[in-house]
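Visitor: Below is the sequence, then the predicted model.
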Amino acid sequence: MSSFPQEFLVLCRQWGEAQRRCSAALTAQAAEIQALQAEVVRLRGALVVRDTRLVMAYDELAQLRAAVPGLSRRQTMARHIAVLAERIATLSRECLRWRLAAQSDTRAVSHPGQGGAASAAPPDASAHPRRVRVPVVVEAHPDADAGAAFDASLAAADLVICQTGCISHDAYWRVQDQCRRTGKPCILVDQPLAACEASLYTSLTPVLDKNA
């Protein structure tokens with residue numbers, strides 16, 4: 001019977017320790033909940049700020065589009081110019097290849113070798129040099145015409161870019177009669193010259209389509 005008070009005191013102490021642990025856990029949980037609630041409030045504020053900025057950005061974009069009516073058309077024109085520039089580069093490479101081939105053929109004919117061609121020539125061949133050179137001139141003439149046609153087609157294609165940017169889109173490239181694309185004076189300032197180039201491009205359109 002004398003051990004009962006001691007056992008009761010031990011149980012009371014254990015109960016008190018359990019109450020202290022529960023109180024500490026509840027305090028920690030309440031602090032965590034409060035911190036999470038503060039984080040939720042902060043995130044909601046950031047979300048409101050983001051949505052407000054998005055609305056303001058959309059409004060500003062709409063105002064810019066209203067201030068520049070041809071913005072979408074200029075974007076389309078920029079893509080079209082990129083395609084034309086790529087086509088000009090392709091034509092330039094093709095023209096260079098043709099010129100190099102024509103030059104090599106001309107050098108080969110102008111300086112024949114000492115092989116069978118010289119032994120096959122008749123004894124009096126030196127007295128008639130034109131009979132040997134006439135076919136050369138006739139064969140080289142199409143290459144020269146092709147080179148000139150390509151030069152004209154490249155100039156006409158370059159004019160198409162100028163027409164697209166400056167005639168159809170309110171002088172997109174021109175600033176005080178200077179071309180921002182080439183850094184040179186605008187070729188369309190002289191309107192008769194531009195009209196002449198435009199007619200030239202129209203006449204060379206089949207050549208471009210054939211060699212594309």
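Guide: Happy to help now that I have it.

Visitor: All the helices of the protein, in order from the start?
Guide: 3-67, 71-110, 116-120, 130-162, 191-211 (DSSP state H).

Visitor: average pLDDT for the fourth one?
Guide: When pLDDT is averaged over helix 130-162, the result is 56.

Visitor: Same question for the shortest one.
Guide: Averaged across helix 116-120, pLDDT comes to 43.

Visitor: so how far is residue 39 from residue 51?
Guide: According to Cβ to Cβ, to the nearest Å, residue 51 and residue 39 sit 19 Å apart. The way it works is simple: take the backbone N, C-alpha and C, and place the C-beta from them, glycine included.

Visitor: so where's the chain uncertain?
Guide: 1-2, 110-153, 163-173, 188-212 (pLDDT under 70).

Visitor: same thing but at 50, please
Guide: 114-142, 191-192, 195, 199, 201-202, 204-208, 210, 212 (pLDDT under 50).

Visitor: can I see the domain layout of it?
Guide: As given by automatic domain parsing, the domain ranges for the chain are 1-67, 71-110+132-211.

Visitor: and the closest residue to residue 157 other than its chain neighbours, what does it touch?
Guide: Using Cβ to Cβ, 6 or more residues apart in numbering and skipping the chain neighbours, the partner closest in space to residue 157 is residue 88 (5.0 Å). Counting by Cβ atoms under 8 Å, 6 or more residues apart in numbering, residue 88 makes contact with 154, 157-158.

Visitor: would you list those in a markdown table and tack on distance to residue 45 and neighbour count?
Guide: Listed next are these as a markdown table, based on distance: Cβ to Cβ, whole Å; neighbours: other Cβ atoms under 10 Å:
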| residue | distance to residue 45 | neighbour count |
| --- | --- | --- |
| 154 | 60 | 19 |
| 157 | 57 | 18 |
| 158 | 56 | 18 |
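
Visitor: Columns distance to residue 65 on top of those residues, output as JSON lines?
Guide: Compiled in JSON lines, the contacts of residue 88 are given as follows (distance: Cβ to Cβ, whole Å):
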{"residue": "154", "distance to residue 65": "36"}
{"residue": "157", "distance to residue 65": "31"}
{"residue": "158", "distance to residue 65": "31"}
